[in-house]
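Student: Fold the following, please.
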Amino acid sequence: MNPRLIRVLASQNRELQGLKTIADAAFLLYFAALLTLARSGWDVALGFAIAAALGWVRFTWLRERIEDFYERRCGRTDWRPRPFGSAFVFLSWVCLGSGSSMMTWPPTVRVAVLLAALAGLPTVIVVRDAPYRLHWLLPALVGIAAAVVHGTLTSTEAAGIWEIRVLVLGAVATALAGVGDHLLLTQMLTGPGHAEEGNRV
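Tutor: Residues are numbered from 1 along each chain as shown. I've put the predicted structure just below:
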């Protein structure tokens, strides 16, 4: 196995657990649906309560099940805590981008800030782990396009439409990136022997 690939598999093992990324992408779709269907403040409050419950499940029960799956399938290579994934950074900044406060900023500033916020982390992943995680170009391109389009918006109503569309596109791109990570990890690490090899690097 290529030594660089071994280092990527060993050092980024948590990030490469693509089932977590796919689960995170589902939150983007959930919030897009909530913003589309909510008709009152009560709808929004109920939606956020459900999101909080789903988040608790995601970071407790579901996380343990996913990590057990990868440990059985790929072995144990890295037990460092995994920070919030790129999907939650993406969600936070898309929500900020639709707010009235950001709409008061000059267009060039909005584009620059959103470029860094929405496309920064996927771009770092692509460059740091090239050529093995080029599938993260998809979220990066969505982030770039979203930032550029935001610079053309002139009203909060348009920003609301932008928010829903970007959340949907971001969910699809993030889920596909998660699939790519999952396939990379499971196809390259097929058992504890490979995990031990990664630990020795």
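Student: Now G47: closest residue in space, sequence neighbours ignored.
Tutor: Distance criterion CB to CB, 6 or more residues apart in numbering; nearest residue to G47, sequence neighbours excluded, is L34 at 4.1 Å. Where you see a C-beta, it was placed from the backbone N, CA and C, and this is true even at glycine.
Student: Give the other helices and strands that the helix or strand hosting that neighbour contacts.
Tutor: Per DSSP states H and E, L34 falls inside helix 18-37. For helix 18-37, the packing partners by 3 or more CB pairs under 8 Å, 6 or more residues apart in numbering; DSSP states H and E come out as helix 41-57, helix 63-74, helix 86-97, helix 156-188.
Student: show me the residues around the nearest residue to L167 once chain neighbours are set aside that make contact.
Tutor: The shortest distance from L167 to any non-neighbouring residue, by CB to CB, 6+ apart, is to A32 (3.9 Å). Going by CB atoms under 8 Å, 6 or more residues apart in numbering, A32 touches 164, 167-168, 171.
Student: cool, V89 as well?
Tutor: 117, 121.
Student: quick one: the residue minimising distance to the centre of the chain from E71, how far?
Tutor: Closest to where the C-alpha atoms of the chain average out (CA atoms, centre = their mean) is A87, at 2.6 Å. Noted for A87: a distance of 23 Å to E71, by CB to CB, to the nearest Å.
Student: swap in A32?
Tutor: A32 is 33 Å from E71, by CB to CB.
Student: before we move on, the earlier item: what would the helices and strands packed on helix 18-37 look like in TSV with mean pLDDT and distance to L134?
Tutor: TSV is the format used below for the helices and strands packed on helix 18-37 (pLDDT from 0 to 100; distance: least, CB to CB, whole Å):
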stretch	mean pLDDT	distance to L134
helix 41-57	93	30
helix 63-74	88	21
helix 86-97	93	15
helix 156-188	95	8
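Student: Throw those helices into a markdown table and include distance to P139, thanks.
Tutor: Output for the helices and strands packed on helix 18-37, formatted as a markdown table (distance: least, CB to CB, whole Å):
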| stretch | distance to P139 |
| --- | --- |
| helix 41-57 | 20 |
| helix 63-74 | 20 |
| helix 86-97 | 7 |
| helix 156-188 | 4 |
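Student: for those helices, which one sits closest to A26?
Tutor: helix 156-188 (7.2 Å; CB to CB).
Student: Mind giving me the packing neighbours of that closest one?
Tutor: Counting contacts by 3+ CB pairs under 8 Å, 6+ apart, helix 156-188 packs against helix 3-11, helix 18-37, helix 63-74, helix 86-97, helix 100-103, helix 137-150.
Student: Now do the shortest one: distance to the chain's middle.
Tutor: Read it as helix 100-103. Distance of helix 100-103 from its chain centroid, counting by CA atoms, centre = their mean, to the nearest Å, is 24 Å.
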